[in-house]
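Asks: one predicted model, sequence on top.
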Amino acid sequence: MRSDDDERLLSAGYGRTFIVMSFLVATFNFADRSVFAVTAQQIKADLSLSDFQLGILQGVAFALLYALLGVPIGRLAERVSRVKIITAAIVFWSMITMACSLVGSFAQLMLCRIGVGVGEAGSQPATSSLVGDLFPRERRASIMGLILLGSPIGTFLGASVGGAVSGVWGWRAAFIVMGLPGVVLGLLVLLLLREPRRGLADNLPPVQAPAPNFGVFLKVVGRKPALMFVIAGGALAGFGMSSISQFLAVFLARVYDLPVRSAGALYGTISALALDSGLLIGSFGTDWLARRGDGRWPAWGAAIGLFIAPFSYWIAFNAATPALGTVLLIISGCFLLLYYGPTIGMIQNLLEPRMRATGAAVFGMFYTLVGYGGGPTFVGWMSDRFAASSFHGGDYLALCRATAAKAHAIDALHRACATASAEGLRSALMSAVCVFFVAGIMFLLAARTLRRDYYVAAPAA
């Protein structure tokens, strides 16, 4: 039996409030990430870094504690207020983002990136768990798709505003401008959102027993092959997606000889349009097909997009002009992002209410370790290797460390460095997207037992 408070939390009005606030949290989550991507070239020159060091800062440094703390925070979200967890997370990561403006070395910036990862580790597991308690199964992928529209908007905001600010006042000012609004948003989340009881949307009776321990969770995962393959497929797809997202602005600046501000605006436009279209089509499309046809469509739709994406990206990375490259990168990103909304929805639908935050956190851990931890680091390392092999003027890293990819190279050495760095990054990104084929296979394997493995709630008496 639902109380009046329960009915208010399930009302359309509160649902809209929850979606808007969660959308804003996702927006500033990704804005704070993308401001680093768009200022990476300036940071590289200012701190005299290599591409491999940039890859570490955008990959391992961000992913390290994000991944390690994600599961403990997810377990905590099964027991305490998820709204308070989200509030604390966004305030913390926003303050650390602003602290990035004060660094003077690679080591200091790495510590700040680790801190940003710690803060962001608390957001998505708690949000995903709240969606599971506030919306029915057949709407969860669509609702997550709406919330995750904050990621392209945030990417566009971080890239365009961060790029504009850094172009006028430098990269340090960009971190301050992007971090400050998150502190205010954290306070609004605490004021406007309420904590629902577990299993509310599934009409389960209130449960006083403690949440199942992690060992029980692992046994449930072991009994559901679809869940294991969905997590594996999403993590592998994240490897390629993070590789592209963290180096796309740098790629545009190098290959098309663009200044930071122009490359940032173009990167933000590409990301926003690709992510918007991919998330909406993937989330709403597979929910619609699953309701009217076969419950395996979320996995099938993800696989289709992942199999097409590598071919599309290979063509896009070799486009001769910025205009053609922009169109092809948007199309490629749309195919790629078909997987993300259905993945989050499937994880929620495969688990009982008291395990959903843990499931989201485990996915986040693997996505972060494999995706953010592996992808950008791999691309940065391979970019230096490919660039060195195509540079014929001596020791590439020694000669080009501070001059590669400058927008207005004026002598033969600078031009040779710029050409080598552009070709190196192009080859590295083309290698990274091959992982999408393996990710697509994982989703096809998940589809085999997906209908059997879905969690079905017994209605309250």
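Replies: Sure thing, it's come through. Residues are numbered from 1 along each chain as shown.

Asks: contact partners for the residue nearest to residue 454 when sequence neighbours are not counted?
Replies: Nearest non-adjacent residue to residue 454, counting by C-beta to C-beta, 6 or more residues apart in numbering: residue 349, 5.5 Å away. Where you see a C-beta, it was placed from the backbone N, CA and C, and this is true even at glycine. Contact analysis of residue 349 by C-beta atoms under 8 Å, 6 or more residues apart in numbering lists 137, 140, 454, 455.

Asks: from what I can see the second one touches residue 347, true?
Replies: No. Counting by C-beta atoms under 8 Å, residue 140 sits too far from residue 347 to count as a contact (9.5 Å).

Asks: just to revisit the earlier point, top of the contacts of residue 349 by neighbour count?
Replies: Using other C-beta atoms under 10 Å as the neighbour test, the contacts of residue 349 are led by residue 140, with 25 neighbours.

Asks: tell me the contacts of that residue?
Replies: With C-beta under 8 Å, 6+ apart, residue 140 has these contacts: 131, 132, 344, 345, 348, 349.

Asks: list the contacts of the helix or strand that contains residue 446.
Replies: Here residue 446, judged by DSSP states H and E, is contained in helix 435-447. Applying C-beta under 8 Å, 6+ apart, the contact partners of helix 435-447 are 225-227, 229-230, 232-234, 236-237, 239-240, 296, 299-300, 302-304, 306-307, 309-310, 336, 339, 346.

Asks: same deal with stretch 167-178?
Replies: Residues from elsewhere that reach stretch 167-178, judged by C-beta under 8 Å, 6+ apart: 28, 31-32, 35, 38-39, 42-43, 46, 97-98, 100-102, 157-158, 161-163, 165-166, 259-261, 264.

Asks: taking those one by one, which sit in strands?
Replies: Among the contacts of stretch 167-178, no residue falls in strands (DSSP state E).

Asks: out of these, which are inside helices?
Replies: Here DSSP state H is the test, and those give 28, 31-32, 35, 38-39, 42-43, 46, 97-98, 157-158, 161-163, 165-166, 260-261, 264 as lying in helices.

Asks: need the buried ones from the residues you listed selected in PyMOL.
Replies: Here is the PyMOL selection string for the buried members of those, based on 16 or more other C-beta atoms under 10 Å:
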select buried, resi 28+31+32+35+38+39+42+43+97+98+157+158+161+162+163+165+166+260+261+264
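
Asks: wait, doesn't residue 8 sit right on residue 14?
Replies: Yes. Between residue 8 and residue 14 there is a contact under C-beta under 8 Å: 6.0 Å.

Asks: who has more neighbours out of the two?
Replies: When residue 8 and residue 14 are compared for neighbours, residue 14 comes out ahead with 17 against 13, by other C-beta under 10 Å.

Asks: in which helix or strand does the more buried one reside?
Replies: Assigned by DSSP H and E, residue 14 belongs to helix 12-47.

Asks: and the next helix or strand past that helix?
Replies: Downstream of helix 12-47, the next assigned helix or strand under DSSP H and E is helix 51-58.

Asks: now that following helix: how far from the chain's centre is it?
Replies: 17 Å (C-alpha atoms, centre = their mean, to the nearest Å).

Asks: what residues sit buried inside stretch 68-80?
Replies: In stretch 68-80, residues buried by neighbour count (16+ other C-beta under 10 Å) are 69, 70, 71, 73, 74, 75, 76, 77, 78.

Asks: save the residues you listed as CSV, and put in pLDDT and secondary structure too.
Replies: Formatted as CSV, these follow (pLDDT from 0 to 100; DSSP: H, G, I helix; E, B strand; the rest coil):
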residue, pLDDT, secondary structure
69, 73, helix
70, 73, helix
71, 78, helix
73, 78, helix
74, 78, helix
75, 80, helix
76, 80, helix
77, 79, helix
78, 80, coil
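
Asks: for those, which one is nearest residue 331?
Replies: residue 70 (31.9 Å; C-beta to C-beta).

Asks: how far away is that closest one from residue 428?
Replies: For residue 70, the distance to residue 428 equals 27 Å [C-beta to C-beta, to the nearest Å].

Asks: try residue 267
Replies: 17 Å.

Asks: who's more crowded, these two?
Replies: Between residue 267 and residue 428, counted using other C-beta under 10 Å, residue 267 has the larger neighbour count: 30 against 24.

Asks: wait, isn't the more buried one in contact with residue 252?
Replies: Yes. Under the criterion of C-beta under 8 Å, residue 267 makes contact with residue 252 at 5.9 Å.
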